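Asker: any chance you could fold what I've pasted below:
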Amino acid sequence: MRHRTVRGRLRYTSKKADMLDQERGREWFAFTHHGDGAVTLRAQCEIEEPEPTVLRDIVYDIGPDRRPRNLHVHLVVGDVFLGSGWFRISQGLIECESDSPALGRLSQRVFYDGDLDGFGTHPIVGDGFMTRCMDVARGPHRRTIRVFVPSPDHRGATAPIASEVRIDLEYLGDERVTVAAGTFDCRKFAFVDTSEGGLGGKEHPRYEMWVTADEDSLFVQGGVGGYMATWYELVELER
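Answerer: Numbering: from 1, shown residues only. Sure thing, here's the model as predicted:
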């Protein structure tokens, strides 16, 4: 086989006073790096706290040119089917075919001008991989990135539909980080919500993360402040 696969697991813990450092979820992931430069991400995410619980499965395909090509998402919230959707992304057009109890059968075509920086998929490793759009050769800096997401909800817990999001992404510099999965040379980034009215109608708290400083751009650790008060850590890695 000519492809290369990287597998791992993240642990989600809480930073809320009544749940400090207790596990609140987990994420299994696999990146397949194909010989032509394309990448396929598969991830399963479980969120136990806060209620309602979220179970998400995604398959996300990125072409050799680093442009998103397609995404499949399946969601169960509160142990009840919430919806599934398939997205096709091409230059200037996003097509969505989805089905959910809330919206029924949906066919959506969204036209857009200009370029995208990626497609937000909601798994935490996807957030880390998104940072590849930053030109770290410029040194620490901040810019607004443009993405589409299958849900503008902060937990991605709404019926699949293509929504545009703009958020600031900041490169803060390099650090060596040790977590349960090992010690890694990382780049530190932060997502900062500066959108009018917030994402999905609510401001997203500052979200800092450390991502491996190599071609894999693997999420190593990070956390979100504010009302979310959560921490994520890489606890298993196979590559």
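Asker: for Glu215, what is the enclosing helix or strand?
Answerer: Assigned by DSSP states H and E, Glu215 belongs to no helix or strand.
Asker: report the contact partners of it.
Answerer: Contacts for Glu215 (C-beta atoms under 8 Å, 6 or more residues apart in numbering) come out as none. For every residue, glycine as well, the C-beta is placed using N, CA and C.
Asker: correct me if wrong: His74 contacts Asp99.
Answerer: No: the criterion here is C-beta atoms under 8 Å, and His74 misses it with Asp99 at 10.4 Å.
Asker: mind listing the shared neighbours of these two?
Answerer: 83-84.
Asker: top strand in this structure by residue count?
Answerer: For the chain, the strand with the greatest residue count under DSSP state E is strand 163-179.
Asker: show me what the worst-scoring helix or strand of the chain on mean pLDDT is packed against.
Answerer: Least confident helix or strand, the chain: strand 118-119 with a mean of 92, by mean pLDDT, DSSP states H and E. Where contact means 3 or more C-beta pairs under 8 Å, 6 or more residues apart in numbering; DSSP states H and E, strand 118-119 is packed against strand 68-77, strand 141-149.
Asker: now the element after the longest strand of the chain, going C-ward?
Answerer: strand 182-192.
Asker: export the helix or strand that comes right after that following strand as PDB, just CAs?
Answerer: The helix or strand immediately downstream of strand 182-192 is strand 207-212, counting by DSSP H and E. Extracted C-alpha coordinates of strand 207-212, given in PDB (Å, rounded to 0.1, in the frame of the first residue of the first chain):
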ATOM      1  CA  TYR A 207      -9.500  28.500  22.000                       C
ATOM      2  CA  GLU A 208      -5.700  27.800  22.300                       C
ATOM      3  CA  MET A 209      -4.000  24.700  20.900                       C
ATOM      4  CA  TRP A 210      -0.600  23.200  20.300                       C
ATOM      5  CA  VAL A 211      -0.100  21.400  17.000                       C
ATOM      6  CA  THR A 212       2.900  19.300  15.900                       C
END
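Asker: sheet partners, orientation included, of strand 207-212?
Answerer: strand 182-192 (antiparallel), strand 219-224 (antiparallel) (DSSP bridges).
Asker: hey, C-alpha coordinates of the following helix or strand past the last one in CSV?
Answerer: Toward the C-terminus, strand 219-224 is succeeded by strand 230-238 as the next helix or strand (DSSP H and E). As requested, C-alpha coordinates have been extracted for strand 230-238 and formatted as CSV (Å, rounded to 0.1, in the frame of the first residue of the first chain):
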residue,chain,number,x,y,z
THR,A,230,-12.7,22.3,28.5
TRP,A,231,-9.3,20.7,27.8
TYR,A,232,-8.1,18.3,25.2
GLU,A,233,-5.0,16.1,25.2
LEU,A,234,-3.4,13.5,22.9
VAL,A,235,-3.2,10.3,24.9
GLU,A,236,-2.5,7.7,22.2
LEU,A,237,-0.6,7.9,18.9
GLU,A,238,0.4,5.4,16.3
